[in-house]
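> predicted model and sequence follow; I will ask about them next.
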Amino acid sequence: MTDNRIVIDKLEFYITNVCNLTCGDCNRYNNYKFSGWQKWDQYKDTVEKWAKKIAVKHSVVLGGEPLLNPDVVKWTNGIRKLWPEYSGVQILTNGTRLNHVSGLYDALVDDNWIGVTVHDKQDQELIFQEIRKFLKHPIKEITKEDDNSLWSDYKFVDSNKNYIHVWLSDKFVSSNLIQSPDGTFKFYNSNPEIAHENCTFRRFKNYHMIDGKIYKCGPAALMPKFVEQNKFELSQDDRDLLNSYKPLSVDATDEEMQDFFNNIDNMIPQCKFCPEQYQYKTIEFSDLKKSWKINNREDTT
């Protein structure tokens, strides 16, 4: 039988705005107080419909901190079952909650795996201890010095051949948020063509599924949500523009769906809210929020 689905190389399933870290310049605004997470059962039927229309080669579950979403295992297992012919699901996490998610280890089946980004090098050994506690011994620890073909900085492989890749990622590109001393936010007012040309979301094709719909990028989906929850310096025209972006719904016609993917890498008017030049900067304030305790991993909120 001919497979007429649209093939996507990578799709990021964004399942929570909540994070326990405060990494400066987070381009999804998770370093601030940003609420909202998605239950698998609420979107399961929608994602099942998507699986009949698109083929996702590489699925990533992320946030925010995805391990703070109680349904992270359901999302991982559910996505894997819908696209069994492709690579396993990657869970992208900061690694602080590995040992506090029931069923997480058992979800590493059918080539599902975990990717950990360490945003503060001072936390590296602490995160490594969490990884060693999470995996089953004996554990093989591989570095680029051991294997120059390794595409992460470290790889941990346990006795069951489950594995975790680790990236030492202590730099972010500048986000599109500007905060005043009084706490008021605003976005950039850029030439959208220049901003889009230099955009890392465009360059790395970081398409997002959020609330069951597909977005060109994270900011296109999250800017309106973040504006709703915070104080902004934003004209009515810009508010209208911000909310005018139309993501792709699973109920779109075949023609609308093909048109969306044909143009997904093109500029959108909302690109004006992002900077024209992106600078890589060492992440500041990559600390646990006051409501989280890393020593005993207890949520005190």
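It's in.

> got a list of what the most centrally placed residue in the chain touches?
The geometric centre of the chain, computed from its C-alpha atoms, lies nearest to residue 62 (C-alpha atoms, centre = their mean), at 3.7 Å. Shown in contact with residue 62 (C-beta atoms under 8 Å, 6 or more residues apart in numbering): 12, 13, 14, 15, 91, 92, 93. C-beta: built from backbone N, CA, C; applies to glycine.

> repeat that for residue 116.
By C-beta under 8 Å, 6+ apart, the contact list for residue 116 reads 93, 94, 95, 98, 127, 131, 164, 165, 166, 167.

> now with 6 Å, please.
93, 95, 164, 166 (C-beta atoms under 6 Å, 6 or more residues apart in numbering).

> and residue 55, by the same measure?
By C-beta under 6 Å, 6+ apart, the residues touching residue 55 are 5, 7.

> helix, strand or coil for it?
Of the three states, residue 55 takes strand according to DSSP: H, G, I helix; E, B strand; the rest coil.

> ok, back up a step: inside helices: which ones of the contacts of residue 116?
The helices, defined by DSSP state H, take in nothing from the contacts of residue 116.

> got TSV for those, with distance to residue 110, pLDDT and neighbour count too?
Compiled in TSV, the contacts of residue 116 are given as follows (distance: C-beta to C-beta, whole Å; pLDDT from 0 to 100; neighbours: other C-beta atoms under 10 Å):
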residue	distance to residue 110	pLDDT	neighbour count
93	19	98	25
95	22	97	25
164	16	98	27
166	22	98	22
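
> which of these lies closest to residue 121?
Of all the contacts of residue 116, residue 166 has the smallest distance to residue 121: 11.8 Å, by C-beta to C-beta.

> wait, that closest one touches residue 154, no?
Yes - contact criterion C-beta atoms under 6 Å: residue 166 and residue 154 qualify, at 4.1 Å.

> mutual contacts of the two, please.
With contacts defined as C-beta under 6 Å, 6+ apart, no residue is shared by residue 166 and residue 154.

> report the two of the contacts of residue 116 separated the most.
Spatially, the most separated pair among these is 93 and 166, at 10.6 Å (C-beta to C-beta).

> and for the closest residue to residue 72 other than its chain neighbours, the neighbour number?
In space, not counting the residues next to it along the chain, residue 72 is nearest to residue 66; the distance is 5.0 Å by C-beta to C-beta, 6 or more residues apart in numbering. Residues contacting residue 66 under the criterion other C-beta atoms under 10 Å number 27.

> quick one, what contacts residue 66?
Residue 66 sits next to 15, 72, 91, 93 when contact means C-beta under 6 Å, 6+ apart.

> try residue 16
Shown here is residue 16, whose contacts under the criterion C-beta under 6 Å, 6+ apart are 37, 63, 64, 68, 69.

> all helices for the stretch 201-301 of the chain, in order.
Counting by DSSP state H, counting those that start in this stretch, one finds helices in the stretch 201-301 of the chain at the ranges 218-229, 236-242, 254-262.

> I misspoke; the intended subject was the stretch 51-200 of the chain.
Under the criterion DSSP H, counting those that start in this stretch, helices of the stretch 51-200 of the chain are mapped to 72-82, 124-134, 192-197, 200-203.

> deepest in the core, which of these is it.
Across the helices of the stretch 51-200 of the chain, the average number of neighbours (mean count of other C-beta atoms under 10 Å) peaks for helix 72-82, which reaches a mean of 21.

> what does that one rub up against?
In this structure, residues lying in contact with helix 72-82 by C-beta under 6 Å, 6+ apart are 15, 40, 51, 59, 61, 66, 89, 91, 103, 107, 110, 112.

> what's the neighbour count on the closest residue in space to the last one that isn't next to it in sequence?
Excluding its sequence neighbours, the residue lying closest to residue 112 (C-beta to C-beta, 6+ apart) is residue 88, at 4.2 Å. The local packing count at residue 88 equals 19, with neighbours defined by other C-beta under 10 Å.
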